[in-house]
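Visitor: Build the 3D model from these lines:
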Amino acid sequence: MVRKLLAAMTLTAFALVGAGAAPALASVRTTHNPTVDIVSDRTGGGLGPRIGGAISQLAEDNQAQLVKDSIDKAFHLAGQHYNVIMMNLAQHYQEQLNNKVLYANIRWEGIYYGLWVFDDGHFENQGKGGYENWGMVGWFKKNNGVVDFSKP
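Guide: Take a look at the predicted model:
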C-alpha cells in the first residue's frame, strides 16, 4: 500500500513538472524609480523639469545603471552643450565647477546622489570609484579620482 501511494505521488509530481508547471524558485527582477529634486536651475528654459522628469521615469535595478542612464539623459537633454557629473553624496569629494547651470539631488533606494550640469572645472572623488558611486560625460581628462573638465 505504501509503495502504491509513493508511486502515485511520484507520478503526480512528474506530471506537474512534465506539463510545464513553473519552477518554484523563479527569479524576480525588481526595479526602482529615483526621486529627483531640482535644487538649482539657471537655464531659464525649463531644462531642470525635463531632466528631473526623465530621470524620475528610469526604472533601475542597480546603482551603476542608474548613474549611467542619469548622466546620459542629462547630457542629451542639455543638448550635449555641457559637462555632466553624478556623485554618490555618501562619498567624500571636492568640486570646483564653473557655470553650474543645474544641480539636482537624486534619491534611489536610500542612496543620495548629486547631479551637476556645468561648463568646466575640477572634481575630485576622495571616496570609492565605480559607476555605482559616480559617473561623468562630456569633455574631460580623468586620472583616477581626479577629473578636469573643459568647455565643449
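
Visitor: which stretches of the protein aren't confidently modelled?
Guide: 1-30 (pLDDT under 70).

Visitor: Report the contact partners of the residue sitting nearest the centre point of it.
Guide: In the chain, the residue lying closest to the centroid (CA atoms, centre = their mean) is Leu66, at 0.9 Å. Contact partners of Leu66, counting by CB atoms under 8 Å, 6 or more residues apart in numbering, are 34, 58, 60, 106, 108, 113. (C-beta placed from N, C-alpha, C; glycine too.)

Visitor: Out of those, grab the one that's most surrounded.
Guide: Tyr113 (25 neighbours; other CB atoms under 10 Å).

Visitor: Okay, and the residue nearest to the centre of the chain sits in which element?
Guide: Using DSSP states H and E, Leu66 sits within helix 63-77.

Visitor: okay, the contacts of Leu66 in a markdown table with distance to Asp72 and secondary structure next?
Guide: Output for the contacts of Leu66, formatted as a markdown table (distance: CB to CB, whole Å; DSSP: H, G, I helix; E, B strand; the rest coil):
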| residue | distance to Asp72 | secondary structure |
| --- | --- | --- |
| Pro34 | 14 | coil |
| Leu58 | 10 | coil |
| Glu60 | 12 | strand |
| Ile106 | 14 | strand |
| Trp108 | 15 | strand |
| Tyr113 | 14 | strand |
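
Visitor: of the residues you listed, closest to Gly52?
Guide: Gly52 lies nearest to Ile106 out of the contacts of Leu66, by CB to CB, at 8.9 Å.

Visitor: Could I get the full set of strands for the chain?
Guide: Secondary structure of the chain (DSSP state E): strands at 35-41, 83-88, 93-98, 102-108, 111-118, 120-125, 134-137, 140-143, 146-149.

Visitor: Give the buried residues for the last one.
Guide: Of the residues in strand 146-149, those buried under the neighbour-count criterion (16 or more other CB atoms under 10 Å) are 147, 149.

Visitor: Paired strands for that strand, with orientation please.
Guide: Using DSSP bridges, strand 146-149 pairs in its sheet with strand 120-125 (antiparallel), strand 140-143 (antiparallel).
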